[in-house]
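Q: got a predicted structure plus its sequence, pasted below:
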Amino acid sequence: MAKKDWKLKARKPVRHKKIKGLIQRLTEPLGIETDLSSAFLETATFGPWNLLIVNKSPLGMEVGDEGGETIAFPTLRGILAWNPTLKWCEVDHGAIPFLMNGADCMAAGIHSACGCIQTGDLIWIRDQTHGKPLAIGWAMMDSEDMVEATKGKAVKMLHHIGDELWELEL
C-alpha cells in the first residue's frame, strides 16, 4: 500500500478549557484517567483525522462514523501513553503481519475481547502476548461473536502501526 502524501494542516494551540469536552469524549469511554491541565495542547488536521496533539505528540483523533457522528478516540500513541482498559480485542501472533500491512482483522485471529464491544464501536487491537497496541478499527461484530467466530471480518481497519499517522513526526 503506497503512502499518501498528507500534510499537517490548521495546526493551532488551544486552551484546555476550550477542548475539555473533546478530552472527556476521548478518555471516559475507554476507562482512561489522565490530567492534561499542564500539557501543551494543539489541534490539527491530517488526512481524514482531526488530531489532538499533546506536548507535540498526536495522542487523540476525531473520526466520522457511518452515521455521520464524530467520535473521539486515542491514536495508537495515545493508547501507549494512556493505557486504556476498555474497548480492546486481542489477536494471536499469526494476525500481526497482516495488521501491520493495513489488512482488516479477521475473527479467526482474535482470542479474547473486552466484553463491552458492540458492532460499530471504534476499538483497539492488541497482541495476545504483550498486550501492546497494534491497530484501531471499527468493530464488525460484538465482542462475544469476535471470540467465537472462526471466519469473517471482525474489525475494519482505520489506523495501524506503520501507517501515515503512526509515522507522523512533529
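A: Yes, it's here.

Q: make it CA atoms for all contacts and neighbour counts henceforth
A: Will do.

Q: dump the residue contacts of residue 41.
A: The contact partners of residue 41, taken as Cα atoms under 8 Å, 6 or more residues apart in numbering, are 13-16, 52-55.

Q: pretty sure residue 150 sits against residue 111.
A: No. Residue 150 lies out of contact with residue 111 (Cα atoms under 8 Å); the separation is 10.3 Å.

Q: which of these two has more neighbours?
A: Shown here are residue 150 and residue 111; by other Cα atoms under 10 Å, residue 111 has more neighbours (16 against 13).

Q: secondary structure element for that one?
A: strand 110-113 (DSSP states H and E).

Q: what does residue 123 give?
A: strand 122-127.

Q: before we move on, back to that, what subset of the contacts of residue 41 is buried?
A: Buried residues within these, counting neighbours by 16 or more other Cα atoms under 10 Å: 16, 52-54.

Q: in this structure, which residue is closest to the centre?
A: Ranked by distance to the mean C-alpha position of the chain (Cα atoms, centre = their mean), the top residue is residue 136 at 3.9 Å.

Q: residues in contact with it?
A: Residues in contact with residue 136, defined by Cα under 8 Å, 6+ apart, are 75-76, 122-125, 157-160.

Q: one more: residue 131?
A: By Cα under 8 Å, 6+ apart, the contact set of residue 131 is residue 90.

Q: and it, what element?
A: Residue 131 belongs to no helix or strand, assigned by DSSP H and E.

Q: output the lowest mean pLDDT helix or strand found in the chain.
A: Scoring the helices and strands of the chain by mean pLDDT, DSSP states H and E places helix 20-27 at the bottom, with a mean of 88.

Q: any buried residues in it, and which?
A: 22-23, 26-27.

Q: the following helix or strand past that helix pairs with which strands, and in what direction?
A: Counting by DSSP H and E, the next helix or strand C-terminal to helix 20-27 is strand 41-46. The pairing partners recorded for strand 41-46 under DSSP bridges are strand 8-14 (antiparallel), strand 49-54 (antiparallel).

Q: please save the CA atoms from strand 41-46 in CSV.
A: Taking C-alpha atoms only, strand 41-46 is exported to CSV below (Å, rounded to 0.1, in the frame of the first residue of the first chain):
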residue,chain,number,x,y,z
LEU,A,41,-2.4,21.2,23.6
GLU,A,42,-2.8,21.7,19.9
THR,A,43,-5.3,20.7,17.2
ALA,A,44,-4.6,19.9,13.6
THR,A,45,-6.0,18.1,10.5
PHE,A,46,-4.0,15.2,9.0
